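Participant: Just need the structure, nothing else, for what follows:
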Amino acid sequence: MEKFVINGGRQLNGEVTISGAKNAAVAIVAATILCDEPVILENCPQISDITFCMKILKSMGADIKLLSKNRVRFDTAGIINPGVPYEMARVMRASSYFLGTLLGRFHEAHVALPGGCDLGDRPIDQHLKAFRALGAQDSIDAGEVHLHADSLVGSLIYFDINSVGATINAMLAAAKADGYTVIENAAKEPHVVDVANFLNSMGADIMGAGTDTIKIRGVKRFRGVEYSVIPDQIEAGTFMVAAAATKGNVLIKNVIPKHLESITANLRKIGVGVEEFDDAIRIYPNGELKKTNIRTMPHPGFPTDMQPQISTLLTLASGASVVTDDIFDNRFRYVNELRRMGADIVVNGKAVIIQGVDRLKGASVMAPDLRAGAALIIAGLAAEGTTEIGDIHYIERGYEDIVGKLSSLGADIKRITIDDFDKEPIKKNA
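Facilitator: Now for the predicted structure:
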């Protein structure tokens with residue numbers, strides 16, 4: 001068992017470089033199945049979700065080579081098995097993207113229902129609706145989704161709800177379908193655009209990604225390319241909040257400031273100093289932190305993946321704040337952990353009500369999911385004393401070398417195994 005151990009109360013200062021976007025990369029890695037030639041991905045993050053995606057591809061017969069730290073060559077020509085077994089699919093939600101890519105290439109797919117963080121009910125009904133519109137038949141047997149189509153034919157796909165996963169899966173399946181597909185009420189997140197750009201670089205004909213209507217003209221064959229994954233919007237936002245919570249001065253490099261506009265706007269409302277450059281953002285102290293109210297929304301609104309982090313920052317702001325998030329059911333499981341650290345925060349339906357406190361205190365806590373785990377790191381960095389965070393495998397699903405990056409900014413954070421933990425007892429908080 002591994003833990004993060006943080007001795008808090010230190011300002012973060014310096015420069016940090018953001019890795020490739022997790023939410024784009026997991027879909028793009030799955031999308032290499034659609035290409036008949038080798039593909040090279042640049043800026044591919046070294047996170048556990050990508051490792052599991054690669055294991056899935058290898059289990060199906062793909063050849064994968066690590067060319068350098070974040071540069072990977074994928075050759076999926078040898079794949080003959082259009083299936084993902086339960087023991088692999090259960091690890092992450094993004095395994096659902098193999099439904100769209102396998103259906104697009106083989107006209108069939110057999111993928112166990114996806115796992116990942118427990119954020120409540122996240123059905124795949126909109127994914128299946130898209131596949132049916134393209135001509136596929138589906139069934140679910142013993143927890144495995146089975147898809148089959150004699151042929152895929154372009155169609156009108158209308159989503160009842162705004163779904164990033166379903167939008168991406170529809171693009172993946174429709175990219176090689178016969179004819180013309182229109183996706184309405186499509187998700188507009190930056191990683192949706194990045195997946196579309198990747199497919200287009202291989203020869204797809206996709207227009208309108210980033211709007212609520214995407215138009216796709218199917219093509220027969222994709223060509224090999226070299227493609228660089230966009231920077232991770234949520235990792236950047238996490239470091240922005242971490243710098244603000246520690247009253248630090250941090251230059252965050254390799255970002256696309258436009259993708260961060262909703263995060264930037266809310267940090268400024270809270271009283272954080274933000275300076276934007278072409279491909280970087282600087283966070284610096286700008287007076288006391290102030291209360292505010294925030295509601296998560298689909299892009300370009302404030303992202304649900306940043307809700308735990310911004311709520312943690314608001315526990316240190318003056319006055320009462322309300323953060324509302326009705327996108328996922330279980331987004332507030334970090335609240336009890338923050339209360340252990342002295343936060344005055346309660347759940348009220350689909351919102352958290354936060355009364356700012358002067359300080360947080362280190363405690364032993366558990367990461368309930370990926371973004372909640374990141375929020376607890378932020379709390380530990382800002383807190384007095386020592387914080388121990390367990391279940392860090394959730395955090396490592398989406399943050400590349402988070403210990404190394406934070407340490408380079410002056411944080412006192414270590415990743416230890418339980419054996420190390422027993423040998424080196426942690427001093428009690430003062």
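Participant: When you work out contacts or count neighbours from here on, use the C-alpha atoms and nothing else.
Facilitator: Noted.
Participant: Which residue, neighbours along the chain excluded, lies closest to residue 16?
Facilitator: Once flanking residues are discounted, residue 16 sits nearest to residue 252: 5.2 Å by CA to CA, 6 or more residues apart in numbering.
Participant: so how far is the strand or helix carrying the one you found off the chain centroid?
Facilitator: Assessed by DSSP states H and E, residue 252 sits inside strand 249-253. Computed by CA atoms, centre = their mean, to the nearest Å, the chain-centroid distance of strand 249-253 equals 21 Å.
Participant: Which element is encountered next along the chain beyond it?
Facilitator: Following strand 249-253 in sequence, per DSSP H and E, is helix 261-270.
Participant: can you pull the contacts of the residue nearest to residue 16?
Facilitator: With contact taken as CA atoms under 8 Å, 6 or more residues apart in numbering, residue 252 is in contact with 15, 16, 17, 18, 236, 239, 240, 280, 281, 282, 283.
Participant: Could you export the helix or strand encompassing the fifth one as CSV, CA atoms only?
Facilitator: Yep, that's residue 236 we're talking about. Assigning secondary structure by DSSP H and E places residue 236 in helix 233-245. Taking C-alpha atoms only, helix 233-245 is exported to CSV below (Å, rounded to 0.1, in the frame of the first residue of the first chain):
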residue,chain,number,x,y,z
GLN,A,233,-6.8,21.5,-18.6
ILE,A,234,-7.6,19.9,-15.3
GLU,A,235,-4.0,19.3,-14.3
ALA,A,236,-3.3,23.0,-15.1
GLY,A,237,-6.3,24.0,-13.0
THR,A,238,-5.2,21.8,-10.1
PHE,A,239,-1.8,23.5,-10.0
MET,A,240,-3.4,26.9,-10.3
VAL,A,241,-5.5,26.2,-7.2
ALA,A,242,-2.6,24.6,-5.3
ALA,A,243,-0.5,27.8,-5.9
ALA,A,244,-3.4,29.9,-4.7
ALA,A,245,-4.1,27.8,-1.6
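Participant: any idea how far residue 397 is from the residue nearest to residue 16?
Facilitator: 21 Å (CA to CA, to the nearest Å).
Participant: what do you get for residue 263?
Facilitator: If you go by CA to CA, the gap between residue 263 and residue 397 works out to 22 Å.
Participant: same check, this time on residue 161
Facilitator: Taken as CA to CA, the span from residue 161 to residue 397 is 26 Å.
Participant: Looking at the two, which one has more neighbours?
Facilitator: residue 397 (23 against 11; other CA atoms under 10 Å).
Participant: if I pick that one, what's in contact with it?
Facilitator: 47, 48, 49, 370.
Participant: just to revisit the earlier point, what angle do the strand holding residue 252 and helix 233-245 make?
Facilitator: 170 degrees (axes from the mean of the first three to the mean of the last three CA atoms, to 10 degrees).
Participant: Pull out the buried positions in the host helix or strand of residue 88.
Facilitator: Per DSSP H and E: residue 88 is located in helix 86-89. Neighbour counts using 16 or more other CA atoms under 10 Å place 88, 89 of helix 86-89 among the buried residues.
Participant: How about stretch 151-161?
Facilitator: 152, 153, 154, 155, 157, 158, 159.
Participant: quick one: which of those is nearest residue 30?
Facilitator: The closest of the buried residues of stretch 151-161 to residue 30 turns out to be residue 152 (CA to CA; 18.8 Å).
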